[in-house]
Structures are given as C-alpha cells and as structure tokens.
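J.: With the input below, show me the fold.
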Amino acid sequence: MGKIDGFLTIDRELPKSRNPKERIGDFKEIYVEFAEQKTKDQAARCMDCGVPFCHNGCPLGNVIPEFNDSVYNEDWQSAIEILRSTNNFPEFTGRICPAPCEASCVLGINKPPVAIEHIEKSIAEKAYKLGLIKANPPKTRTGKKAAVIGSGPAGLACADQLNQAGHSVTVYERDSRVGGLLRYGIPDFKLEKWVIDRRVDIMKTEGVEFEVNAEVGANVSADHLMEIFDVIVICTGSTVPRDLGISGRNAKGIHYAMEFLTQQNKKVAGDTIKDRDIISAKGRNVVVIGGGDTGSDCIGTSHRQGAASVVQLELMPKPLTERTDKDPWPLWPMTVRTSSSHEEGGDRQWSVLTKEFLTNEHGQVEKIKLVPIEWYEDNGKMAFKELEEKSYTIDCDLALLAIGFTTPEHHVLSQFNLMKTNGLVKADNYRTNRTKIFTAGDARRGQSLVVWAISEGREAAVEADKFLMGSSKLRQKENSMTTLS
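T.: So this is what the prediction gives:
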C-alpha cells in the first residue's frame, strides 16, 4: 500500500453533517464538504493485510485495497476503473450502503475500520468532476434485444451490463420516473435524485431505452414482450409490504411506510399530490413501527414535515454496543446503530409488542396499546413472553408500518406464468421456469440491500448474455473462497 504505517498514524475520520436543527428544514443531503487531502489520508489507513476480507464482505466483490491505493496516489483514473469493474453505480452505494465491507475490514479487529464507503463515493464524484465517467456506448451491436422489467438497482445494473455486452436493451418502469426503490423509497436527504438522473442520462446516451408509465399486465402485454425480445429479465423487487393484523388496523391515520416515503419523494420532485391523499406528519404524534432502515427514513421524513413527536418501536431487544462471541469479526456486527435520523430527535423503544390501535369516534387512530416483552432462549431459538401487567398506551395520530416486505407483486409474475418459491420468483442460477426469462434482485432473493440488488443484476446479465451468445465476456463475481484465496 502507498503508506505502510497509515493505519497506525491516522485516525478514522468522516465528513461532518449539517446541524440537525438546520438540516430538518430541507431534504438536501446532510453532509458537508470534506477536503480531498482528508480522503487521501483515509485511503492511507488501508493495510497491506495480505488477506483482504473486505472483498468477501462486499456483495459486489469490490477490489477495495487496490482502489484505496490509487486514491492515496491520486490516480483517479485507475481508482474509478477498478471500482467500476465491479460496481456499476458507486455514486449510489457510496451514499446508501450500510458498508458490510467495513464490518469485514481487517483493521476493524481492534481499531475503527477503513472508511471504505466514503472513499467509494469520493472516487465516483471525483471521476464525474474530471470527466472520467462519461457515455461509452458499445462499439458493436449483437442484434439481440433484451427487456428488463423494473428500473430499481437490480434492473439498472442488469440493463447497463447487457447494453455493454452489445445487446439492445429496453427498461420498462411502471412509475413516471426511472429509479424504482432508489427514486421513490429512499429520501432525498440520503440520496438526492439528481444523482440518479445523472447516471440514467449516461445510460440513455449509451443506447439504453427507458419506457416509463409502462406496467406489465396493465398497458404492456407480456405476450408482446415475449414476441419481440430475445431475453427478458424480471427485476420488479419485493414490494408487497408486511402488514400488522391487530385490532384497529383499518383506522384512519395508519399507513405503510412506503406510501409515506414515496409520496414525500414525489413532492420533492415537484409532483402534485391531491389534498385528500396527502399523508402528513405535521403537528402529529408519529409512531414508526419497525426498527430498520425504512423506519429510520420515516423518522427523518417526519422531522422534516414538522411532527409534534416521533416514537420508533422495535420488537427485538436493544443490541449491545460491541460484538460478542455470537457475531465475531468478520461477521456483520449485531450492534446498536444510530442513524442520522435518530440524531435529529425522537424516542426509540425496544422489546415492545404493538397490541392494538385505539381510535376516536371518527375512526381516527389516537393511541396505541403496547406490551413490553421479555426475550429468552428456548431449545436454541429465541422466544418471548408478554408482560401484560406492564402494558401501556402512547399517543399516536399517524402510524407508519415499516416492518419489511414479503414478496414481489404476483400479478406481474402471473403474466409470464412464472413459478414461485415462498412467494418469490423460482430461479436456478437466475433462470426461471420459462425459456428466455431470467430474474434478479429482491424479486428472486427477497428484500435485501441495494448493493445486493446491483450484484444480482450484474450476475443475471452474465447468465442472460450466455443464453444469447453461448458465452459471456461480462465480468462475473468470484465466489467467496476464490476471493479469499
């Protein structure tokens, strides 16, 4: 590495965020500018560790030590070439990935890990600034036509790869703008949408065609797609939300998290929302049910809308602040995490079961009955008992269900007569039961990370390319054992 003792002499440092009281007044990204020299210093912390476990921690298999070395040496051309060889969209993952690579960083055994996510974003933004990321259409075309259904991270990655292989690619998106989860599910304070538009514009220049307001089974015929395309890849995501079947669930003021987040993203984009459809946290006592990233996004959005109070409920017990022997390095640490949204305010409650929504005479939710629970181990499995005698209620006139997603929407899958396993698209190495139809992302594996969706899209593109051409020159991720050898 460029600076052998960097990990000994330089501390981990990340960009500062804007003051919480200031940033909740807008939906702009929260981080302030970070000096380029500081990013170079952070790259210098990467060790000459011999076995880079970060490769294995990253679902994309990013070649991390090598691009860190290039950043330290200010060779931005090399850095972006290394990064782009495994990751189509580092400007996305550098902003929103939970960075499992950092959890596997060798330096993280006894010191704060290398700031890999920040370095990744920095490489992408520097490359754009220098004109190193630009349209690069394939020099030749194969004459084959590919359709990608869904323009989320899996669909975009798959389309980008298939296009680079020389196929003519059309992406079908049912919403009015391209991006899927990136566009409508992630708040602008984490990912401003010009970042997506910038990349999509490049893909368009490279030859990828995008059809928006185009939904299979509604205004797009699956049979027609089967006739005109040589291969189809289903990347619709896992968008059916998990529900909470308790008393009072149908009261007014109870919504799925994605209804709330999608609407706000559309408002930021300038779309008009009918008054009767507006879901607003302004002046309300907001309760977010679910302790994951989506719940956190609901918290940050509620703050920006002017909520009177925000409470987040989590069924699981509060995690510890450090690893235990149950999650040793290099596994993902099951430790408590505080997001930027939590820094902005609100209350978090752990080990609590949502029992009932209580309503007023107009059918509007006004309180929630909660019961603390006690977790214990039963024959090697975690179980809990309710402490009914300690039940209590909290005020709530807006409840947001952020408890995950179950399956893709089956009406789309049925149009292609696709087989399912546990509600997900059944696939063998990304191939479905229908000839020339492949699948990738959350539709195949269930709800997961954006970085996994990109990885899936890339891998499905390899298999689709092999189907079309007999072999593929697209880069395929090495398996974990190969990566670590």
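
J.: mind checking the longest helix of the protein?
T.: For the chain, the helix with the greatest residue count under DSSP state H is helix 450-469.

J.: Report the rounded mean pLDDT for that one.
T.: Helix 450-469 carries an average pLDDT of 98.

J.: elements contacting that helix?
T.: If you count contacts as 3 or more CB pairs under 8 Å, 6 or more residues apart in numbering; DSSP states H and E, helix 450-469 packs onto helix 90-96, helix 153-164, helix 181-184, strand 231-234, strand 437-439, helix 442-445. The way it works is simple: take the backbone N, C-alpha and C, and place the C-beta from them, glycine included.

J.: Quick one: name whatever helix or strand follows the first one.
T.: The reference is to helix 90-96. helix 100-103 (DSSP states H and E).

J.: Contacts for the helix or strand containing residue 169 next, please.
T.: Element membership for residue 169, per DSSP H and E: strand 168-172. Under the contact criterion CB atoms under 8 Å, 6 or more residues apart in numbering, strand 168-172 has outside partners 141, 143-151, 155-156, 159, 162-163, 178, 207-211, 214-216, 220, 225, 229.

J.: of the residues you listed, buried ones?
T.: Taking 16 or more other CB atoms under 10 Å as the criterion, what is buried in the contacts of strand 168-172 is 144-151, 155-156, 159, 162-163, 178, 207-208, 210, 214-216, 220, 225, 229.

J.: beta partners for the closest residue to residue 349 other than its chain neighbours?
T.: Excluding the flanking residues, the one nearest residue 349 by CB to CB, 6 or more residues apart in numbering is residue 313, at 5.4 Å. Residue 313 has the following beta-bridge partners by DSSP bridges: residue 289, residue 349.

J.: can you tell me which residues contact residue 313?
T.: 287, 288, 289, 290, 291, 349, 352, 354, 370 are the contacts of residue 313 under CB under 8 Å, 6+ apart.

J.: Once you drop chain neighbours, what's closest to the last one?
T.: In space, not counting the residues next to it along the chain, residue 370 is nearest to residue 352; the distance is 5.1 Å by CB to CB, 6+ apart.

J.: The one you found: neighbouring residues, count only.
T.: Neighbour count for residue 352, taken as other CB atoms under 10 Å: 22.

J.: For it, grab phi and psi.
T.: Reported as degrees, to the nearest 10, the phi and psi values for residue 352 are phi -140, psi 140.

J.: Name the residues that touch stretch 5-14?
T.: Looking at what lies outside stretch 5-14 - CB under 8 Å, 6+ apart - the contacts are 34, 38, 41-42, 44-47, 72, 107, 111-115, 118.

J.: Please give the element, helix or strand, for residue 201.
T.: With DSSP H and E as the test, residue 201 turns up in helix 194-205.

J.: The helix or strand immediately after that helix in the chain - contacts with which helices or strands?
T.: Scanning forward in sequence from helix 194-205 by DSSP H and E, the next helix or strand is strand 209-211. Packing partners of strand 209-211 (3+ CB pairs under 8 Å, 6+ apart): strand 168-172.

J.: Tell me what angle the strand it packs on forms with helix 450-469.
T.: Inter-element angle recorded for strand 168-172 and helix 450-469: 140 degrees (by axes from the mean of the first three to the mean of the last three CA atoms, to 10 degrees).
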